[in-house]
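Asker: Got a predicted structure plus its sequence, pasted below:
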Amino acid sequence: MIRIFASSVMLLAAAATPLLAEEHVVTQKGQKFTPATLNVKVGDEVVFVNDDTGTHNVFSESPVNNFDLKAQRPGTRTKVTFPMAGSVEVRCAIHPSMHLTVSVR
């Protein structure tokens, strides 16, 4: 009985995690990320919005969260979930001067 109860509590906690996740917006304009630094919690989503006039290729090779959004055309909105704690360095493959640091706690 206790084992079933503990399993049920764990399943409820896992199911509730996405409900607690927040959504953060990072814009790309003028060949820079705004904000340039971002603090998020594990499980949060970051929406990368290309508000610029040109295409961007947002990516991260950080071990904490490795992703590549490929060609992101103007007006595009793409979500990325941050599943593990740590520091994530985000860049644009097309514009090397674009830097974003996401601290996931």
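Answerer: Now that the structure is in, tell me what you want to look at. Everything numeric here is computed off the predicted structure, so don't read it as measured data.
Asker: can you map out the strands along this structure?
Answerer: Assigned by DSSP state E, the strands in the chain fall at 23-29, 32-34, 37-40, 45-50, 58-62, 65-68, 77-81, 86-92, 99-104.
Asker: Taking their axis directions, the last one and strand 23-29 sit at what angle?
Answerer: Right, the one you point to is strand 99-104. Interaxial angle, strand 99-104 versus strand 23-29 (axes from the mean of the first three to the mean of the last three C-alpha atoms, to 10 degrees): 170 degrees.
Asker: Next, the buried residues of strand 99-104.
Answerer: Neighbour-count burial for strand 99-104, counted by 16 or more other C-beta atoms under 10 Å, picks out Leu100, Val102, Val104. Any C-beta I mention is one placed from the backbone N, CA and C, and that applies to glycine too.
Asker: And the fifth one, by the same measure?
Answerer: Residues of strand 58-62 classed as buried by neighbour count (16+ other C-beta under 10 Å): Val58, Phe59, Ser60, Ser62.
Asker: For Asn39, give me its contacts.
Answerer: When contacts are counted by C-beta atoms under 8 Å, 6 or more residues apart in numbering, Asn39 touches Val102, Ser103, Arg105.
Asker: burial count for the last one?
Answerer: Burial of Arg105, expressed as a neighbour count using other C-beta atoms under 10 Å, amounts to 10.
Asker: contacting residues for it?
Answerer: Counting by C-beta under 8 Å, 6+ apart, Arg105 has contacts Asn39, Val40, Lys41, Val42, Ala85.
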